[in-house]
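Sequence and predicted structure are below.
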Amino acid sequence: MATTETAGPSSGGVHAPGRAAIAARQLRTDRWWLAPAVTATVLTVFVVYSTWRAFANADYYAAPYVSPYYSPCIATNCVNMRGGADLQIFGPWWGLSPALLVLIFPLGFRLTCYYYRKAYYRGFWAAPPACAVAEPHRKYTGETRFPLILQNVHRYFFYFALVFAVILTYDAALGFRDAAGRWGHMGLGTLVLLVNVALIWVYTLSCHSCRHVVGGRLKNFSKHPVRYRMWSWVGRLTAHHMALAWGSLVMVAVADLYVYLVASGAFTDPKFF
Amino acid sequence: MTQVERHTYDVVVVGAGGAGLRAAIEAREQGLRTAVVCKSLFGKAHTVMAEGGIAASMGNANPRDNWQVHFRDTMRGGKFLNNWRMAELHAKEAPDRVWELETWGALFDRTKDGRISQRNFGGHEYPRLAHVGDRTGLELIRTLQQKIVSLQQEDHKRCGDYEDRLRVFQECTVTRVLKDGERVSGVFGYVRESGRFFVIEAPAVVLATGGIGKSFKVTSNSWEYTGDGHALALLAGAPLINMEFVQFHPTGMVWPPSVKGILVTESVRGDGGVLRNSDGKRFMFDYVPDVFKEKYAQSEEEADGWYTDPDNHRRPPELLPRDEVARAINSEVKAGRCTPHGGVFLDVSTRLPAEEIRRRLPSMHHQFKELADVDITAEPMEVGPTCHYVMGGVEVDPDSAAATGVPGLFAAGEVAGGMHGSNRLGGNSLSDLLVFGRRAGLHAAEYAAGLDTDGRPRVSAEQVDAAAAEALRPFSVEGDEPEAAGGPAENPYALHQELQQTMNDLVGIIRRAPEMTEALRRLAGLRQRSRRAGVEGHRQFNPGWHLAIDLRNMLLVSECVARAALERTESRGGHTRDDYPEMDRRWRKTNLVCELADRDGELAAVDPADGQIRLTRRETPPIRGDLLGLFEKDELLKYLTDEELDT
Amino acid sequence: MSAAPGPKANGSVYTGRFRVWRGDADGGELRDFDVEVHEGEVVLDIIHRLQATQANDLAVRWNCKAGKCGSCSAEINGQPRLMCMTRMSVFAPDETVTVTPMRTFPVVRDLVTDVSFNYTKAREVPSFVPPPGLGPGEYRMQQEDVGRSQEFRKCIECFLCQNTCHVVRDHEENKKAFAGPRFLMRIAELDMHPLDSADQSGLDRKSAAQEEHGLGYCNITKCCTEVCPENIRITDNALIPLKERAVDRKYDPLVWLGNRIRRR
């Protein structure tokens, strides 16, 4: 097939004047649309599920397990969590779900995360949908101006994420009690919370801002051997940031779902000991 | 007069590899307006293919290293045929040239105490090669390129024009050096992109065009290596020397066919890789020549001990100079002890842990993985000799790099002859580029600055017209009556393939008189046919046309190689005669000089007996006494005649 | 060199279907060719065969043919790649292989594009500033300190990252403000160079990356990393660290305060 054509009237991008006059906006023959489509689908499912759960304000505590969506719980309308991160900073005037008060932090952390940015820029915004596939937008300013310039605050969310990781670790530790608060017990829920917090930790530590803070900002590693070792270690995690991001995303929803199922009575938590 | 784009500079450098860029930097730093002309994009020169390192006796790895040891190694490697003054300057100045690169931003691999790490290489007594993994050439080019950019930034700051005093004309080919009487007056060439002609008027021209490998079929060289500088010098009336010495690198890839000849760095052997034949034998122990017997290990145990304890062990024979290893591989293959694709095995997988291989030889790992589907951390490579480097080149004054007999013409790098004698040591090429690139730039600048404005040579309109007609010839071939032109138009690609086959088969790694005579006969035929090389299309970026023009150069240098090789009745370094297998001490002090036979005549002379090249013998000046004093008398006896030693 | 007497791996030969863009700035077309393909060949071999047999004047840029010089960049089946490093074995024999020039730069002819954009950008990045008081031969650097910049210096300047980056590929107007991944990486390289003394000369590479070279345009969608033939982790190791360094300078009051206190 021979397609003859000349450079069209000055349209942008790959059809800009001077560039090779090829009619097709892209010529990829592989299934380039698959990755953004999967990304968009999974993220959408997650967002829908999480929104429902965050607003539900119910079935988030099944002693001794607390859903990661509701921890820490900082409003007085929380159900009483025995020994849990139950802080009651917001008074009774707060009538909405207590999850909404805290989810902003993990949400912000993931929203400004260097991996998720790629995922949703590609999956939702199609900027670009895939490499060498023309994007549909007429103008593009990237992260140079408001609101996307706010992506630069990622490291603050990282600091908060560390706090949350500590709290969730505490929650997982509380999982070694039974429903009555006696220590030395473990159920499937404990395992779920442990896996969840482990993934939260590695995902958080694999953060690019973390890598920068522990050592990346140094000019001379040789003068800071400990930080160099930490930087190398974090760097190895960072290489898997994408896998960890997905893994912990799915797991946090699974953990919440598990607590929901147990709390709503749909499922009984199998006890190991 | 032909319409051409005209520029005026003080110094023109032809070629933008290591030597060209270093020369340009020097000329510009001397305050002269400098132009660089190169066939490829800026920063793509063939120097990027150099892998192992830059030889310089900085003594970082072994403090006993110094310039005298480096000088000795270089002379031994070149079998004492080297221009000793060049070898001396090279050994003395190489460390400064390497250190200077660091001040321009180069990042070499480091030793524990933070200095430049140095690695072992064939023929070097101590670890001497400054390196960056196995991509040292890329580091060198990038550093020089970025230095040029920084000089341009200085000019921009000063006068608002990046190209005020240093400009790179990329993707331009020079086809003629222009002269005013005996003196150089500029260059003529064409812009590859548009096909338009240009003239740069300049009293000083530095040739830094690299080698001639594209005249051979199996070669590690890129398309640029068509012997342009060699031919430009010849056509401008400057002689070439030592053209019979062509280095075949022992380890090129042999499979798949499309990458046959691509280099496998010597660092593989320097870092522990060994050569085995199809019987699994480390055959190099059988090929240590007498002159090197005392310096190389006799057993595998001794050889393996050397990597960790070099002071108490002799070197493994895999690290003999390249000519020896290439011949050894050639013999093994001929004896039928070869790999499925006609090479031998080079194995590093059983010698180093996989992680270490990936760290030390990343680009080899990548190259084999991507191109041959071979994982060098798990299996051996298949390798065989490949045409790699020409020791011969423009005869130059050792101190100033000025070409003989043509005022204003300079040459540096591979295009210059003499420095490496009959065989170049690995790692000496990059240092050669820097040492003599700088010297060529400096002396070209001094020469140009020494002329007053009125005394500058002028470009003559006739020469420009003639050069333009010559370059346009391939377009007019098809219009001619076949009879008038002497036959139908020839496909330049087909001619090139025949030339490569001829040189590969008849003037290759092992040579015989009747074969070389046959080669000269075929070259004469090709030369005649190349006059009818025709191309279609227009002048804009037309590779067929470019090749048709380059054929002139390849045919000229090929004839030099064949003629000189036929004349030299001995075997030495990169010149091995089946019919004269021994080195002959009487030949040591003789250089074979190639000159254009008839400078004004047609280049199409058909008679193979006279051809285009006139060959003469020239006796070299005796080696200075203090330099000879660096060697043991016993060793000198192997190379120098008794009379030479007496005086 | 002697002929190989050993058994030859007798590879298969088939007729491949190629579609190559031919033309210049005034227009052009994808043209179909049937051409022989031998075992072990790469796309560049096929282009050369076309040149030698069917289209003498087919323009293509190439040099080393071993993935070291970065000259033969093009788009193969829509993917930015080096022609010399794309093996024919990745395509099915009956698959049509489409080869076009890079689509971000102005075309010169056939597969050759005008890449001067990149050379212009290279000039805009301030060079290495040598440390005052250290002469040649006095530089001391540890391997761990040069490692980061060394990775970036593996760059062969094939400009595939520049070509694939949607910031300029899809938005011609951004070319002025955006240096592209290759040259942002160059800034990162210099900023991480253990002896670069830009700070002392009053040059802040971190802020300049953001303010003058368009670092903010990058939305880290990682196509540069995906297409890099040298497998340099451009986004993870150069662009994101550079963004973080810019944050240090411009958006992080804690770091700013810390620096103020330390300076006293």
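Received the coordinates, thanks.

biggest strand in chain A, by residue count?
Once chain A is assigned using DSSP state E, the strand that runs over the most residues is strand A:86-90.

buried sites along it?
Of the residues in strand A:86-90, those buried under the neighbour-count criterion (16 or more other CB atoms under 10 Å in any protein chain shown) are A:86, A:90. Where C-beta positions appear, they are placed from N, C-alpha and C, glycine not excepted.

I'd like to know which elements it is packed against.
Contacts of strand A:86-90 with other secondary structure elements, assessed using 3 or more CB pairs under 8 Å, 6 or more residues apart in numbering or on different chains; DSSP states H and E, are made with strand A:73-75.

Tell me the secondary structure of the most centrally placed residue in chain B, please.
Nearest to the geometric centre of chain B sits residue B:414, at 3.4 Å (CA atoms, centre = their mean). Look at residue B:414: counting by DSSP: H, G, I helix; E, B strand; the rest coil, its state is helix.

same question, residue B:643
Look at residue B:643: counting by three-state DSSP, its state is helix.

phi, psi of whichever residue of the stretch 151-273 of chain A sits closest to chain B?
Among all residues of the stretch 151-273 of chain A, residue A:222 sits closest to chain B, at 8.2 Å; criterion: CB to the nearest CB. Backbone torsions of residue A:222, given as degrees, to the nearest 10, read phi -60, psi -20.

Assumed residue B:592 was part of a strand.
Yes: the assignment for residue B:592, made by three-state DSSP, places it in a strand.

Per-residue pLDDT of it, please?
pLDDT for residue B:592: 97.

What's opposite it in the beta bridge?
Applying DSSP bridges to residue B:592 yields these beta-bridge partners: residue B:617.

my guess is it meets residue B:243, correct?
Yes: in this structure, residue B:592 is within contact of residue B:243 by CB atoms under 8 Å, at 7.1 Å.

Need the residues touching each of the two.
In the contact map built from CB atoms under 8 Å, 6 or more residues apart in numbering or on different chains, the residues linked to both residue B:592 and residue B:243 are residue B:564.

okay, those two: which has more neighbours?
Neighbour tally, residue B:592 and residue B:243, criterion other CB atoms under 10 Å in any protein chain shown: the higher count belongs to residue B:243, 31 against 24.

ok, now which ones touch that one?
In this structure, residue B:243 makes contact with B:230, B:390, B:392, B:393, B:417, B:557, B:560, B:561, B:563, B:564, B:592, B:594, judged by CB under 8 Å, 6+ apart.

on that earlier part again, the residue of the stretch 151-273 of chain A closest to chain B: neighbour count?
If we define neighbours as other CB under 10 Å, then residue A:222 has 17 of them.

what about the residue nearest to the spatial centre of chain A, which SS state?
Among the residues of chain A, the smallest C-alpha distance to the mean C-alpha position (CA atoms, centre = their mean) belongs to residue A:110, namely 3.7 Å. Residue A:110 carries the three-state label helix when classified by three-state DSSP.

same thing with residue B:387?
strand.

what bridges to it?
When bridges are assigned using DSSP bridges, the partners listed for residue B:387 are residue B:219, residue B:248.

next one: phi and psi at residue 31?
The chain I'm using is chain A. In this entry, residue A:31 is assigned phi and psi values of phi -90, psi 70 (degrees, to the nearest 10).

oops, chain C please
For residue C:31, the backbone dihedrals (degrees, to the nearest 10) come out as phi -110, psi 140.

List the residues that contact it.
Contacts for residue C:31 were tallied using CB under 8 Å, 6+ apart; they are A:2, C:19, C:20, C:21, C:22.

Local confidence estimate at the last one?
Pointing back at residue C:22 there. Here the pLDDT value assigned to residue C:22 is 97.

Can you spell out which helices and strands pack onto the helix or strand harbouring it?
For residue C:22, the host element (DSSP states H and E) is strand C:13-24. For strand C:13-24, the packing partners by 3+ CB pairs under 8 Å, 6+ apart come out as strand C:27-38, helix C:43-53, strand C:96-100, strand C:107-109.

And the contacts of residue B:243, which of them are buried?
Here, 16+ other CB under 10 Å leaves B:230, B:390, B:392, B:393, B:417, B:557, B:560, B:561, B:563, B:564, B:592, B:594 buried among the contacts of residue B:243.

which of the residues you listed lies closest to chain C?
Closest to chain C out of the buried ones among the contacts of residue B:243 is residue B:561 (15.2 Å), distances taken as CB to the nearest CB.

contacting residues for that closest one?
Applying CB under 8 Å, 6+ apart, we find residue B:561 in contact with B:212, B:215, B:243, B:244, B:246, B:390, B:392, B:503, B:507.
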